[in-house]
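K.L.:
Sequence plus predicted model, see below.
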Amino acid sequence: MATPGGPRPGNFPPNYNPNALANNMQNLQINQPNQQQSGNLGGSAPRPPNTTPFGQQPPPFTGIRPGPPPPFTGIRPGPPPPGVFPRGPVPPNAPAQTTLPPNMVSTRPTGPPSVSQPPPIVSRPPPPGVLPSQIGGPAAPSVSGPGPRPGSVSSSPRTAGPPSPTHMSASGPVSNGPPIFAPGMAQSGPQFPPSMGGMPRPSVRPPQQPHVLLSRPSSQPPQVRPGFAGPPTGASSAMGQPAPPFSAPAQNMPPPPGSSPFSAPVPGTLQSSSSPYGMQTWPPQAQQVAPPPIPGPMQQQPRMFGMPPGGPPLPNQSMALNQTGQSKIDPNQIPRLTPSSAVILHETRQGNQANPPPPATSDYIVKDNGNCSPRYMRCTMNQIPCTVDLLSTSAMQLALLVQPLALPHPSEEPIHVVDFGESGPVRCSRCKGYINPFMKFIDQGRRFICNLCGFTDETPRDYHCNLGPDGRRRDADERPELCRGTVEFVATKEYMVRDPMPAVFFFLIDVSMNAIQTGATAAACSAINQVIADLPEGPRTMVGIATFDSTIHFYNLKRALQQPLMLVVPDVQDVYTPLESDVVVPLAECRQHLELLLESIPTMFQSNRIADSAFGAAVKAAFLAMKSTGGKLLVFQSVLPSAGLGSLSAREAEGRSNISAGEKEAHKLLQPADKALKTMAIEFAEYQVCVDLFITTQTYVDIASLSVIPRITGGQVYYYYPFSALSDPAKLYNDLRWNVIRPQGFEAVMRVRCSQGIQVQEYSGNFCRRIPTDVDLPAIDCDKTIMVSLKHDDKLQEGTECAFQCALLYTTVHGQRRIRVSTLSLPCTNMLSNLFRSADLDTQFACITKQVASEIPSAPLAQVRDQATSICVNILYSYRKFCATVSSSGQLILPEALKLLPLYTLALMKSTGLRSEGRIDDRSFWINHVSPLPTPLIIPLVYPRMIAIHDLDEKELDDSTIPSPIPLSSEHITDEGIYLLENGEDCLICVGNSVQSSSLQQLFGISSVEEISSQFTLQQYDNPLSKKLNAIVNEIRRQRCSYLRLKFCKKGDPSGMTFFSHMVEDKTQSGLSYVEYLVHIHRQIQSKMA
Amino acid sequence: MDFSELEGIEGLRWSWHSWPTSKPEVASLVVPLSIMCTPLTPFTELPILPYEPLNCSQCAAVLNPYSRVDYVSKIWVCSFCYRKNPFPRSYAHINENNIPAELFPTYSTVEYHLGTGTVSGLASGLVRSPSALSGLRSNSSSFSSVSAYSGGGSGLDWAGVGVAVGPAFVFVVDGCSSPEELEALKRELLHTITRLPENALVGLVVFDAMVKVYDLGFTECLKVVVFHGERELSPEQVAWCSSRVGLVSTKVHDNTLAVREGWVRNRVVLAPVPLLLSCQGAFGPPSHEAVSWEGISSTKKGFLLPVSECEFNIMTAIEDIHSSPLVKPGHRPLRSTGVAISVAVGLLEGCLINTGSRVMVFTSGPATTGPGMIVNSDLSYSIRTHRDLHNGYASYYKTSSEFYKQISHRLSDSSIILDLFACSLDQVGAAELKFPVESSGGFMMLGESFESEQFRKCLRHMFDRDDDGNLKMFFDASIEVVTTKDVKICGALGPCVSIQKKNDSVSDKVIGEGGTHVWKLGTLTSKTCIAFFFEIEHEQNAQPSSAFFIQFITKYRCSNMGLRKRVTTAARRWVGKHSPEIASGFDQEAAASVMARLAIHKAQRNLAEDVIRWLDKTLIQFASKFGDYAQEDPSSFRLSTNFPYETAFFRLMLNREGVVNSLIMVQPTLFQYSFDGPPVPVVLDVCSISPDVILLFDSFFYVVIHYGSKIAQWRKLGYDRDPSHESFKKLLEAPELDAEQLVAERVPVPKLVKCDQHSSQARFLLAKLNPSVTQNSTHTEGSEIIFTDDVSLQVFIEHLQALAVQG
């Protein structure tokens, strides 16, 4: 990040991916929006050409924003190299996250950071003593006021903490890489923390924390805090720590008293505290979060490890609330999300054992030493149950989330490309599994045993190598395929049905009256025009363009003549394509024509009076034009398709009247209207055409029906509603740009293989399925995740490892055929407690979300909601029944690893998809959006991140640092504050009614709340506050790989309602508050127990 | 009187000038009662009457010189049905010394011009009666004054009304032609466009595997609407598509407005009447052009625009046409000729009902895809032959013919003309296409290349303009025949379509296009000739030597959209049994032409051999009946060529041209040029070839100059450049000059072949000569031999005589 321009790339090895990444990252011009805006507004727009990402960026930024910008642009995902990133500091976090999170945290009431490390110790009740030390650091922050400072606080602890990481690892089965990482990180890390600015405060806080902890039990703590925060209760409450929370627990908890400080009570406190801390920077928070969770459990967990198997014996359970009197729950003790702020260094294996990955939402750098990076593949649990029974007892699901082309962290080692020459990669002759580090060579290396099917194969002569004394091949460390979890093989002819396809991009633009008048057409044309420069260079890149209303207009771009030729296809029932040869042409041959054409399209159709849209026919016709090659079809659509093939009706209106009659069938509106589009989509997929839909509309367009096409062809839907010509073009451009420049592959086939005993039950995501074992992906990119649910077909042996291998055969944008193989080998266990301990919350929740989302269209809403709750309840019940020893039935006991499950579940039920009010299209979009969404983005989608921005100047944040998040509860929102809430798609800025006008002036260039209109574009003004805000927004964009839609919200407005609808912890008309929900769940568990 | 002189007055050729009164007698004539009518024969003196004709209220016959007029009571008696009709007020001043031109005895043919939007006939009847009366004068004076109007048809000042939308032309171009061919074609098209009157509407359709219609009103860029070449479009679809597409074009409204303004402007300039509405109000029925404009503005948009509005665009579009490069090896290019025509017709249907419009197809190969395809694009399938057609091996023939028949109905319904210009060294498959071309009266040209002089001249000839700048084209014609009671109408052969309108004078016996007394013609030229067939009613009441009448009423539209009605009334006599007048009234040339048409008509349904047999039989019968006469030999008309498209072409032309030209086709002419004197016609026999003469051969489609071997040798030696051999030079020049003259006047322009004796090109001549010397006969030194199995005329006649005597 620090390095503005393209520097980063340099680091990367030659490997294809890396470069691509680097490019992409840099290319992702987050700032652009600004530029554009400025351009639009002031006309100053530097917007420069879109041309080379690098070169360009600088200019834009400079113009707009002085400092930080550049960095953002490039990097998207993780914080860049340690050095670069401010965040880096976090070493502590890393460890924490990795293993311990659960136990540690809980145990360690202390601030998240510290917690994690201490785990081992902490776990025991005794730790108390220990805690203090560690806690002291962390805890303090939590106490203190709202978001801002917490961060700082935590950081401080961390600096100290470095050692702790190691602990962490210890706690986990495997030791984490912390040490290694530490060095590098350490430097950066330490520095940053301080810089966080939090420093000063942190120091302050710490002291307090202790108090908090103590107070915790009583629930009084809240009061205390208020003081800190400055803003009294209100503020405190916001922090989440506030007293109220756990009153209940406190009461119930016997433990509190005695252990209060540390054990039980602590947890609560921690959490609460943590939350405040969390505020710091994202990463940090995460860590903190972990700890905070219920203290109780934490302790237990540690033991669990040591403990005997499934034996319920373990005492350690987190019990949060107790709950006899349900009513009393200390909000402060409620489990909360505590982001971690630092970059974690994660080694995929340690001590020849799988190392559980850090939380998906955290910032981490992976060192692949056998297992693949969790970015590519992660499992819902990091130990695999040996039997079906054990799995079903746990009530958790066994599934993989596979993201084969995920963006690596810039500092990670690029994926090695291995070329076996003509013979192709070595594979098991029975199951066709690819060679990987877990294949066992025997008999002097002459044969090898497949870790997937157990078959013994002869080693190919060329590949033979003697074994060393340790039983490994002597060349194992030199051969990436024998020492890396992820490698890429060069595909031989055998893997090609035809020559690798060229990169084909076909743009299809709606020019019906509505699209023209709303400015959607102009926005699309402008975006495309700018993006052309970003398309892959080279003779293999082809483009085509067509427009449509009630007819389809192709353009012959390859012409000696000056003006383009428009070819109108009037038959929209049974479409066809005019001359196949000249509609899709090499980019190099038509660049100028294309630019000219794109400039003139909006004027050409300026007075178009045709309101009808022959979407289906147009898509089909475009498909026919690209049928011979396959490729990406990018469709810009603005109205409900009303003519020709696959036309739709405005059934939303019908639906509305029906609903009044009876809500039974309401969900049918979320199903595709008919099979026409699906049939088409399957044909598209067969010919390797991937469709992305950019819906720029102001009306109902029946996304439920339209989205079938992207879903089956491996594409995605972008939704701009209500489309605004003022604020959306920038997002449209950035989305489009990322769409074409992100790492991606074409004509892909993916298959996941598992060790004997486990098999793939089902794949879900955006793809086409023609045979049961494989997934066909006309296109796949770094943002697409596929969920693979697994099932047992046999028992596994304790002490062995179970391997999963994902092989993706694809064609790069440059026309190389590659096979990317990721292998993950996890230990098998017979102990239930291990399952809970190694559960991966983010992955589990992502799976639940995807599963639930897919249910929405086929079942009544209430049923789906119940289903979500019962999933949660069943898991917690299983834990309570079999793993928790605590006697009191009055206690709600949460497994540390899954302590946020209830919160997330609650948030899920209040999400767009499961909310009963709201537009049909919004829900359809949500359902669709979730389907391919990677884990790190699902969490914020369901549980958005909210930060305060009115007090930015009080915080000494780094440019790239985002203030600590605030829990999503309206009690944390004050009239004097300005808050920013983002979920990876939208970014809402809520302005209180009593905000200081100077803040408004500085941030938005307006003097009073009244001047706010919901449509706005973020400007950068020449003041620190504005710069910080811009920096933050850009950082969020970078993290999310998404240019957020910015909206202003005013309390009391409908827009305000939108904002508050995201306050998932609040009690609402249709939903319980967080506390109530915990109680609700607890009751259900109790009734089950009984 | 010479038959051809009579033709000069009436425009008619009768196979029999005297008709027997009984049916059996008619049957024994062998050659049917028929009239070859050339409706627009250019007359040196043709009265043009600026008012509507007077029709008999009963039989609708037009007032004519044979009508009896009672000047006192102002009543006239129809010469056909004897009905008494009163004269209207406009004829109030009629009297024996002041009779209108149509009653003037020497005018067997008069022409009326009808409403054209400004000064309609009706209006003239009322408003201009005084001036009309000026035409009603006594004899000679009236004659002269009226004849001042003569002149082929257009061009009077009222023609200035041409303000109206002109005729419409849709050019349908084959994008599969080779680049060179296409260039030549484009050149010609561009030239044609520049020569069109400003108000003419134009459209452009280009086809290969797809059919592309240019939107000439779209200015942002070139815009075409693409129809799939494999899919048949129903008329509704075409209409729907074109209307939809029309709306698509954003500029449409503007354009339409512009067009309208342009039109109004034109109108103001050209016509003294400033406002359309006022015209209509003042002068009776709404004018046609107003109607058609409505049609255009509401539906057609940019596909058909007046040249004045889109000249630049259409020129650009034409220049933009490129040869479609994609041809699979071993395949013919994909041509969707059928759909292209269908689409073009659809465009015209949408906007120009009943005004003149032509679809002009320029192609260089057979249709290979979609409806109307003639042969598979795979070259391993060869194109069908006559024999295939008859044996049912031509798999596409039936469906294609069916398709084109439908097209021809559509053409006829909207008075659209289909022209086909096929230039290719290979076959283009015109047989299937012949039907619509023929029935619409369209023009068909088969040539070898668009670069050929032949093509250029043909096209330019079509767009010739008269002295007033109007195209010499006539559209939307209909011919109505009115007969005396005892004469029944059997049908017609020629470029016309029966509209199945029956009345008492329509016979049940049908010959050719029958069952009607009115026929429709998409277009006609001054040479278009139609053969009408008649018979005598069973119950014959007519007395020998009394007269019977036949009236031809030809209604047509000039290229300036002015409506005309030409009325020809002819009278002949009934004759009694065995009257010598029958034989003396036999016009062998007309008879030969008629028989040729009948032969073709039959040939389309039967095998060539059968037809020849039929001809022979007929001839024998005829000869035995009228043994005194040596007739022309219809059988020399050969049906031997095995290529349907070519014969279709020849048949089509034969079916259209007048007697003289038909005869040339049936029996070509051969002139001999020698040092011995002026050119003399010689026998069409191989004996006529001799080394020291030049022969000029004219078979209508070919004009061959054949140099005897000695002449050729001399020429090669350059004697013609030797001043001392002036006469030789002249001898060489003479036939060339004559040939040029022949070529210049004829459409389709004949192919001019110059050849030397024994050269390969000489085959054009030899093929047509009577094989009096064959490989079977004695061979004389230096003479020509024809290798053939056909019998020579001499042998044929011998046989004929023998058979006739037997008969």
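P.N.:
Yep, it's here.
K.L.:
Counting neighbours, what do you get for A:Gly468?
P.N.:
Neighbour count of A:Gly468, defined by other Cβ atoms under 10 Å in any protein chain shown: 13. Any C-beta I mention is one placed from the backbone N, CA and C, and that applies to glycine too.
K.L.:
What's the local residue count around the residue lying closest to it once chain neighbours are set aside?
P.N.:
With sequence-adjacent residues excluded and distances taken as Cβ to Cβ, 6 or more residues apart in numbering or on different chains, A:Gly468 is closest to A:Arg474, at 4.8 Å. In terms of burial, A:Arg474 registers 13 neighbours under the definition other Cβ under 10 Å.
K.L.:
One more: A:Ser924?
P.N.:
Going by other Cβ under 10 Å, the residues that sit close to A:Ser924 add up to 29.
K.L.:
now B:Gly576
P.N.:
Counted with other Cβ under 10 Å, residues neighbouring B:Gly576 total 15.
K.L.:
just to revisit the earlier point, so the residue nearest to A:Gly468 is in contact with A:Leu482, correct?
P.N.:
No. Contact between A:Arg474 and A:Leu482 fails when scored by Cβ atoms under 8 Å: they sit 10.4 Å apart.
K.L.:
What ranges does the stretch 901-1050 of chain A have for its strands?
P.N.:
A:945-948, A:978-982, A:986-991, A:1045-1050 (DSSP state E, counting those that start in this stretch).
K.L.:
In the stretch 251-400 of chain A, which residue sits nearest chain B?
P.N.:
A:Tyr376 (44.5 Å; Cβ to the nearest Cβ).
K.L.:
Now do the SS call for B:Ile582.
P.N.:
State at B:Ile582, reduced to three classes by DSSP: H, G, I helix; E, B strand; the rest coil: helix.
K.L.:
State whether B:Lys520 is indeed within a strand.
P.N.:
Yes. Under three-state DSSP, B:Lys520 sits within a strand.
K.L.:
burial count for it?
P.N.:
If you count neighbours by other Cβ under 10 Å, B:Lys520 ends up with 22.
K.L.:
go on, B:Ser4?
P.N.:
Taking other Cβ under 10 Å as the neighbour definition, B:Ser4 ends up with a count of 13.
K.L.:
So it belongs to a helix, correct?
P.N.:
Yes. Assessed with three-state DSSP, B:Ser4 lies in a helix.
K.L.:
How much space separates it from chain A?
P.N.:
When Cβ to the nearest Cβ, to the nearest Å is applied, the distance between B:Ser4 and chain A equals 55 Å.
K.L.:
Test my guess that A:Lys1030 contacts A:Leu1018.
P.N.:
That one is not Lys; residue A:1030 is Asn. Yes. With contact taken as Cβ under 8 Å, A:Asn1030 and A:Leu1018 are classed as touching, separated by 6.5 Å.
K.L.:
So which bits of the stretch 451-600 of chain A are right by chain B?
P.N.:
Residues of the stretch 451-600 of chain A found near chain B, taking Cβ under 8 Å from any Cβ of the partner chain as the criterion, are A:549-551, A:553-554, A:561, A:563-571, A:574, A:576, A:578-579, A:581, A:597, A:600.
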